[in-house]
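1. Build me a model from this:
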Amino acid sequence: MTARSLLDLDDLSPTELASVLTFADAGPAPVLDGRGVALLFEKPSARTRNATEMAVVQLGGHPVTLRGEEVSLDVRETVEDVARTLACYHAAICARVFDHGHLERMADAVEIPVVNLLSDRSHPCQVIADLLTLRQHFGRVDGLTVAYVGDWNNVSRSLALGLSMSRAKLRAGCPPGYGPSDTDLDWLAASGAAPTVLNRPEEAVEGADAVYTDVWTSMGAEAEADKRRRDFEGWTVTADLMAAAASGAVFLHCLPAHRGEEVAAEVIDGPASLVWPQAANRLHAARGALRWLIEASS
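-> Numbering: from 1, shown residues only. Next up, the predicted model:
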């Protein structure tokens with residue numbers, strides 16, 4: 001069979017995504033017994049590295065973690081040659097990269113699964129964990145409304161796609177100039193996702209079942225930090241903003257968080273916060289995705 005890769009959630013059908021979530025809940029299975037998985041990190045990581053390494057271990061495999069400077073994509077060797085080398089030893093390649101195109105080139109070069117652990121375009125494993133967290137808390141994802149407040153980025157792109165595939169809705173509240181581009185909206189529409197985009201946080205949050213935010217300055221945009229703090233003034237997820245959501249609404253954040261910037265401490269550390277179950281689910285999401293990909297590619 002042709003190897004299946006996970007570069008973004010649209011590499012899966014809605015039914016296949018549901019199967020990944022079922023595998024994530026099901027616990028370990030020895031599908032990687034005696035096999036290795038290469039984990040390449042061009043960007044530093046805490047949750048992603050720990051979650052993915054332990055997912056491989058729980059599936060019976062051996063994770064081998066590489067830093068970006070150890071392979072220097074397109075410097076020491078081409079992306080394709082690095083991928084072909086790793087495929088000599090491993091059952092799958094998981095990579096956290098700056099350029100999404102590198103993942104596409106890896107997947108084209110090898111006949112083993114390639115998994116996106118984060119790129120400039122998307123973050124599918126994070127969103128699998130988010131969907132799992134919502135399902136565990138509400139008993140379903142279908143029919144929920146999630147409000148994403150802040151900077152439109154790789155997480156929100158994948159979140160829009162994952163919610164749509166799960167028959168849920170996304171409202172994106174973004175300051176002017178920080179919302180999805182027309183290209184993003186066209187891509188999402190072609191995938192069947194159509195987030196509602198609003199320019200006031202209160203409108204986005206009103207009646208929502210979950211409120212999700214991320215840092216105002218993503219990795220690689222540090223030079224813009226001061227400007228972004230000014231532009232995002234008034235966009236902090238506070239207790240008052242959460243009060244506009246539905247009764248029993250929960251708070252989500254992909255972490256790391258900056259208390260006092262995108263979220264108030266009383267929210268992220270309060271009773272509505274699911275950020276730690278959400279972080280824990282990164283392990284289960286990685287395990288479910290890897291198991292599904294290995295079995296689908298066998």
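2. does Glu266 really touch Ala239, like I thought?
-> Yes - counting by Cβ atoms under 8 Å, Glu266 does reach Ala239; the two are 5.4 Å apart. Every residue, glycine included, has its C-beta placed from N, CA and C.
3. remind me which residues of this structure are low pLDDT?
-> Residue ranges of the chain with pLDDT under 70: 1.
4. Tell me the spacing between the spatially most distant residue from the centre of the chain and Arg105.
-> Here the chain reaches farthest from its C-alpha mean at Arg76, the gap being 29.0 Å by Cα atoms, centre = their mean. Distance of Arg76 to Arg105, given as Cβ to Cβ, to the nearest Å: 15 Å.
5. quick one: the strands in the stretch 1-150 of the chain?
-> Ranges of strands in the stretch 1-150 of the chain, per DSSP state E, counting those that start in this stretch, are 36-41, 62-67, 90-96, 114-118, 145-149.
6. ok, and what's touching the fourth one?
-> Outside of strand 114-118, the residues within contact range by Cβ atoms under 8 Å, 6 or more residues apart in numbering are 3, 5-8, 39, 41, 43, 45, 48, 52, 83, 92-97, 100, 103, 106-107, 122-126, 154, 289-290, 293.
7. could I get that strand in CSV with only the CA atoms?
-> This file holds the C-alpha atoms of strand 114-118, laid out as CSV (Å, rounded to 0.1, in the frame of the first residue of the first chain):
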residue,chain,number,x,y,z
VAL,A,114,5.6,11.7,7.3
VAL,A,115,3.9,13.6,10.2
ASN,A,116,3.7,17.3,10.6
LEU,A,117,4.6,18.2,14.2
LEU,A,118,4.2,21.9,13.3
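8. among the contacts of strand 114-118, which ones are buried?
-> 3, 5-8, 39, 41, 43, 45, 48, 52, 83, 92-97, 100, 103, 106-107, 122-126, 154, 289-290, 293 (16 or more other Cβ atoms under 10 Å).
9. what comes up buried for stretch 71-79?
-> So, applying 16+ other Cβ under 10 Å, buried residues of stretch 71-79: 71, 73, 79.
10. mind listing what the last one touches?
-> For Val79, the residues meeting the contact criterion (Cβ under 8 Å, 6+ apart) are 73, 102, 105-106, 109.
11. For Ala287, give its distance to Gly162.
-> Let me fix one detail, which is that residue 287 is Arg and not Ala. Distance of Arg287 to Gly162, computed by Cβ to Cβ: 17 Å.
12. now swap in Phe41 and tell me
-> To Gly162, Phe41 is 23 Å away according to Cβ to Cβ.
13. Now Gly34. Nearest residue, chain neighbours left out?
-> With sequence-adjacent residues excluded and distances taken as Cβ to Cβ, 6 or more residues apart in numbering, Gly34 is closest to Gly60, at 7.2 Å.
14. and that neighbour, how many neighbours does it have?
-> Neighbour count for Gly60, taken as other Cβ atoms under 10 Å: 14.
15. Tell me the spacing between the residue nearest the centre of the chain and Ser119.
-> By Cα atoms, centre = their mean, the mean C-alpha position of the chain lies nearest to Gln126, the distance being 2.6 Å. Gln126 sits 11 Å away from Ser119, going by Cβ to Cβ.
16. Could you do Asp10 as well?
-> For Asp10, the distance to Ser119 - Cβ to Cβ - is 14 Å.
17. Compare neighbour counts for the two and give me the winner.
-> Ser119 (24 against 21).
18. from the chain's centre, how far out does the longest helix seen in the chain sit?
-> Longest helix in the chain by number of residues (criterion: DSSP state H): helix 275-296. Relative to its chain's centre, helix 275-296 lies at 11 Å (Cα atoms, centre = their mean, to the nearest Å).
19. try stretch 285-298
-> Per Cα atoms, centre = their mean, the centroid offset for stretch 285-298 relative to its chain is 16 Å.
20. before we move on, back to that, from the contacts of Val79, which is closest to Val250?
-> Comparing the contacts of Val79 against Val250 with Cβ to Cβ places His102 closest, at 34.6 Å.
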